[in-house]
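S.K.: everything below, folded, please.
(one chain, ligands or ions: 1)
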Amino acid sequence: MINRTLKAPAQAIRRFVENRYGMFIHFGLYSVYGRHEWAMCYERIPKAQYRQVAKRFKPREGCAREWVKLAKSVGMRYACLTTRHCEGYSLFDSPANPFNAVRTGPRRDLVREFVEACRENGIRPCLYYSVADWGDPGFVAGPKDDPKGWKRFIGVVHAELKTLMTNYGEIDYLFYDACPPDPKVWGVAELNAEIRHLQPNILISDRCCLNEDVASAEQHTMSSPGKPWECCLTMNESWGYNSTDEDWKTPRELVKTLLICIHNDGNLLLNVGPQADGTVPARSVRDLKAAWRWISRNKELVYGTKGNPFNYADQKLSAYRGHTAYVPLHFYHGPDTVVAGIGNKVRSARVLGAGQAVRFRQKNGRVSLIGLPARMPDKPFTVIALELDGPPHGIPHPLLGQGRAKYD
Ligand code: GLC
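M.R.: Numbers count the residues shown, from 1 in each chain. Okay, the predicted model is just below:
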């Protein structure tokens, strides 16, 4: 009998949280269409027609290694690949689903290539799996109208997940998507128990509609207090490659989202949608590198820190490790910059990215950073590191209440 109450071990959770920043990779037949990963559904493309495109799905040899190397080079510490999206095409050798990349299309196991590349590069491998399959008549009809078809469909889901959890070594995190909202209709409690049996260190996302290890925040940064949470974010507005989507976020917005995740004790899983040949769009590469230039200067704040040590800081964002607090200056006011609400005695202050000491004055709960230059020394955000006389504690704001301020 498998123990159903098992959850991920504390050490695995700590590693996931400390790693902070990961790459999401949406790759599948929709990458050939290049019109958003929901093209099959949105455009109501008949299944037989949609699937023809598998013949043109020819990812370059070594592309998975390129994604993982890119992730590593821009400071990401884990990566999550879509092993099958809602189109129902499995990127791996799946005995339960013949419509897979080993039998149809490239004739390669892309999940294996991805996981091996992660291992070679010290990136923690994570897998995304969509329960929904738009091409499966049992799924389309649903459990009420076609109980037999539904049962067969759920059988495929269970079998595929067991394959993924058995054949690819240790997987850090299972990112479920498109799950039926009623856990009973797809036996997810039993399935997760079996997954934990196969992968004792795995973290499972809450997207399966059960209270598992990681809360998922899609395209927003609202935290889930008391448990690890992760914001997954697109760089434009599509997850899968979309050649005409020009709604790119700026590197400043990407860094700001990362800072908000840090403040709220969360992770950021930033998405790329490679083209059909496996190439990551040049714009994504450029902006990931731009964000990395800032991250690399401010690593001390990014990884392994805890969020929001002060009850309310006027600069809004903060984090800490030990006796050091980090305040990313949301608004830069040069020598007029004030950080309010710090209950500790501040021993020293420095600009993190530049390693420069800053003169300051502390009085009545206000730290005035009088030594800051008029022009921002580190863009897009200057971070001040404050050495404190002990673990950080805040002074409750007289008007804004006592609670820890979330920043959404
Ligand atoms: C949304 C999208 C889906 C994508 C997922 C990633 O649910 O509809 O296509 O895979 O977000 O979190």
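
S.K.: from here on, just use CA atoms for contacts and neighbour counts.
M.R.: Fine.

S.K.: just to be sure, I384 is in a helix?
M.R.: No. Looking at I384 with DSSP: H, G, I helix; E, B strand; the rest coil, it is strand, so not inside a helix.

S.K.: start at 9, not 1
M.R.: Sure, I'll start numbering at 9, so the last one becomes I392.

S.K.: can you list the residues of the stretch 209-358 of the chain near the ligand?
M.R.: Contact residues, the stretch 209-358 of the chain versus the ligand (Cα under 6 Å from any ligand atom): E226, W247.

S.K.: identify each buried residue in stretch 152-172, please.
M.R.: 157-159, 161-162, 164-172 (16 or more other Cα atoms under 10 Å).

S.K.: export that stretch as CSV, just CAs?
M.R.: Presented in CSV, the C-alpha positions along stretch 152-172 are these (Å, rounded to 0.1, in the frame of the first residue of the first chain):
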residue,chain,number,x,y,z
LYS,A,152,-20.3,11.4,-18.2
ASP,A,153,-20.9,11.1,-21.9
ASP,A,154,-18.3,8.5,-22.7
PRO,A,155,-17.3,6.7,-19.5
LYS,A,156,-15.4,4.0,-21.4
GLY,A,157,-13.5,6.4,-23.6
TRP,A,158,-12.7,8.5,-20.5
LYS,A,159,-11.3,5.5,-18.7
ARG,A,160,-9.1,4.7,-21.6
PHE,A,161,-7.9,8.3,-21.8
ILE,A,162,-7.1,8.4,-18.1
GLY,A,163,-5.3,5.1,-18.5
VAL,A,164,-3.0,6.8,-21.0
VAL,A,165,-2.4,9.7,-18.7
HIS,A,166,-1.4,7.4,-15.8
ALA,A,167,0.8,5.2,-18.0
GLU,A,168,2.6,8.2,-19.6
LEU,A,169,3.3,9.8,-16.3
LYS,A,170,4.7,6.5,-15.0
THR,A,171,6.9,6.2,-18.0
LEU,A,172,8.2,9.8,-17.4
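
S.K.: average pLDDT for it?
M.R.: Model confidence over stretch 152-172, given as mean pLDDT, is 98.

S.K.: counting contacts, what elements does the helix or strand hosting K152 pack onto?
M.R.: Assessed by DSSP states H and E, K152 sits inside helix 145-153. Helix 145-153 sits against helix 155-175, with contacts defined as 3 or more Cα pairs under 8 Å, 6 or more residues apart in numbering; DSSP states H and E.

S.K.: which residues does the helix it packs on contact?
M.R.: When contacts are defined by Cα atoms under 8 Å, 6 or more residues apart in numbering, helix 155-175 is touched by residues 102-105, 137, 139, 144-147, 149-151, 179, 194, 199, 203, 206-207.

S.K.: and the residue lying closest to R329 once chain neighbours are set aside, what does it touch?
M.R.: Spatial nearest neighbour of R329, excluding adjacent residues (Cα to Cα, 6 or more residues apart in numbering): T313 at 5.2 Å. By Cα under 8 Å, 6+ apart, the contact list for T313 reads E26, I270, A327, Y328, R329.

S.K.: so the third one makes contact with L309?
M.R.: Okay, so that is A327. Yes. The pair formed by A327 and L309 meets the contact definition of Cα atoms under 8 Å, at 7.1 Å.

S.K.: check contacts around S224.
M.R.: Contact criterion Cα under 8 Å, 6+ apart gives S213, D214, R215, W237, E238, C239, C240 as the residues in contact with S224.

S.K.: switch the cut-off to 10 Å
M.R.: 183-184, 213-215, 230-232, 236-240, 274-275, 277 (Cα atoms under 10 Å, 6 or more residues apart in numbering).

S.K.: gap between the nearest residue to P54 once chain neighbours are set aside and Y41?
M.R.: Counting by Cα to Cα, 6+ apart, P54 lies nearest to M48, which is 7.6 Å off, once chain neighbours are set aside. Between M48 and Y41 the distance is 9 Å, computed by Cα to Cα, to the nearest Å.

S.K.: can you check V222 too?
M.R.: Here V222 is placed at a distance of 32 Å from Y41 (Cα to Cα).

S.K.: show me what contacts F147?
M.R.: When contacts are counted by Cα under 10 Å, 6+ apart, F147 touches V139, A140, D141, D154, P155, G157, W158, K159, R160, F161, I162, P188.

S.K.: and G286, what is it in contact with?
M.R.: Residues touching G286, when contacts are defined by Cα under 10 Å, 6+ apart, comprise 35-36, 39-40, 65-72, 74-75.

S.K.: for this structure, what spans make up the helices?
M.R.: Using DSSP state H, the helices of the chain run over 18-27, 38-41, 47-50, 55-59, 71-81, 118-129, 145-153, 155-175, 196-206, 259-271, 290-305, 307-310.

S.K.: list the buried residues of the first one.
M.R.: Neighbour-count burial for helix 18-27, with 16+ other Cα under 10 Å as criterion, is recorded at A20, I21, F24, V25, E26, N27.

S.K.: who's in contact with it?
M.R.: In this structure, residues lying in contact with helix 18-27 by Cα under 10 Å, 6+ apart are 15, 30, 83-86, 131-132, 180-181, 208-211, 221-222, 235-238, 270, 273-276, 310-314.

S.K.: can you give me the end-to-end span of stretch 280-291?
M.R.: Using Cα to Cα, the span of stretch 280-291 from its first residue to its last is 10 Å.

S.K.: ok, stretch 298-316 next?
M.R.: Span of stretch 298-316 from end to end, Cα to Cα: 25 Å.

S.K.: flag every buried residue along it.
M.R.: Burial within stretch 298-316, assessed by neighbour count using 16+ other Cα under 10 Å, is assigned to 298-300, 302-303, 305-306, 308-316.

S.K.: how about stretch 38-56?
M.R.: When burial is assessed from 16+ other Cα under 10 Å, stretch 38-56 yields the following buried residues: Y38, S39, V40, Y41, G42, R43, H44, E45, W46, A47, M48.

S.K.: tell me the contacts of P282?
M.R.: Neighbouring residues of P282 by Cα under 10 Å, 6+ apart: 33-36, 39-40, 42, 67, 71, 75, 247-250, 288-290, 292.

S.K.: okay, it: pLDDT?
M.R.: In the predicted model, P282 carries a pLDDT score of 98.
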